[in-house]
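Peer 1: structure for the following, please:
(one chain, ligands or ions: 2)
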Amino acid sequence: MTRRRIGVMGGTFDPIHHGHLVAASEVQHWFDLDEVVFVPTGDPWQKAGRDVTPAEHRYLMTVIATASNPRFTVSRVDIDRPGRTYTVDTLRDLRAAMPDAELFFITGADALADIFTWRDAEELFALAQFVGCTRPGYEMDAATLASIPADRVTMIEIPALAISSTDCRLRRERGEPVWYLVPDGVVQYLTKHDLYPAGETGPTGAA
Ligand code: ATP
Ligand code: MG
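Peer 2: Ligands and ions are numbered 1, 2, ... in the order given. Down below sits the predicted model:
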């Protein structure tokens, strides 16, 4: 029996946008993956001093954004696990649920550059192959690239989309459109639940 090839796209998805979806779609295609599992992070994680939107909203937006793609699914493992989200726990849980699968963890270049600051970095490489996607504004420096085990990480170039969740939130807070940066259903969800309301002044830092 051939092993199932499963992509894992972790993120805060606050909100999910077309940069995330293009990265997942490109890796699904080029690595011939059977499925890409989107895994929204749990609640207590604080990004650069900013309170993230409640997990259920981020989870539902991820479901809406991925629903039309038969190869995309969404997992609650990080949302349902108490405490901070660490990628090593995500991969351990998915490995336990799918013991025979080959896992491919998908990241943007910014997240991959931070990888050695992640908990149990060595174990991460044992649990999954890593696929780093190009992202406008983030270059991997040579020292970081050289320190990553070459047989466990592949860098791929994807169509450049200079979209970030931080920018989407700021746009909403300034009363500017996010149409075409995020899927239509996500725009409608943001409006329905008045997420990132206009005029809100709070820290909106990225991570
Ligand atoms: P924030 O601005 O809140 O940090 P973000 O846009 O960086 O949000 P995350 O949820 O932090 O989104 O990212 C999840 C994963 O998607 C990370 O690995 C990140 O590098 C990757 N990613 C996000 N946006 C892009 C993009 N435009 N192109 C390629 N990869 C991306
Ligand atoms: Mg980010």
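
Peer 1: from here on, contacts and neighbour counts on C-alpha atoms
Peer 2: OK.

Peer 1: residues contacting the closest residue in space to residue 156 that isn't next to it in sequence?
Peer 2: Spatial nearest neighbour of residue 156, excluding adjacent residues (Cα to Cα, 6 or more residues apart in numbering): residue 133 at 5.2 Å. By Cα atoms under 8 Å, 6 or more residues apart in numbering, residue 133 lies in contact with 23, 106, 107, 108, 109, 155, 156, 157, 158.

Peer 1: again, only this time at 7 Å
Peer 2: By Cα atoms under 7 Å, 6 or more residues apart in numbering, residue 133 lies in contact with 23, 107, 108, 109, 155, 156, 157, 158.

Peer 1: near ligand 1 too, which of those residues?
Peer 2: Among the contacts of residue 133, proximity to ligand 1 is found for 23, 107, 108, 109 (Cα under 6 Å from any ligand atom).

Peer 1: of these, which belong to strands?
Peer 2: Counting by DSSP state E, the ones next to ligand 1 among the contacts of residue 133 place 107, 108 in strands.

Peer 1: lowest-confidence entry in the ones next to ligand 1 among the contacts of residue 133?
Peer 2: Within the ones next to ligand 1 among the contacts of residue 133, the minimum per-residue pLDDT falls on residue 109 (91).

Peer 1: so who does that residue touch?
Peer 2: Residue 109 sits next to 132, 133, 134, 135, 138, 139, 140 when contact means Cα under 7 Å, 6+ apart.

Peer 1: the residues you listed also near ligand 1: which ones?
Peer 2: Answer for the contacts of residue 109 near ligand 1 (Cα under 6 Å from any ligand atom): 133, 134, 135.

Peer 1: and residue 150, what pLDDT?
Peer 2: pLDDT, residue 150: 83.
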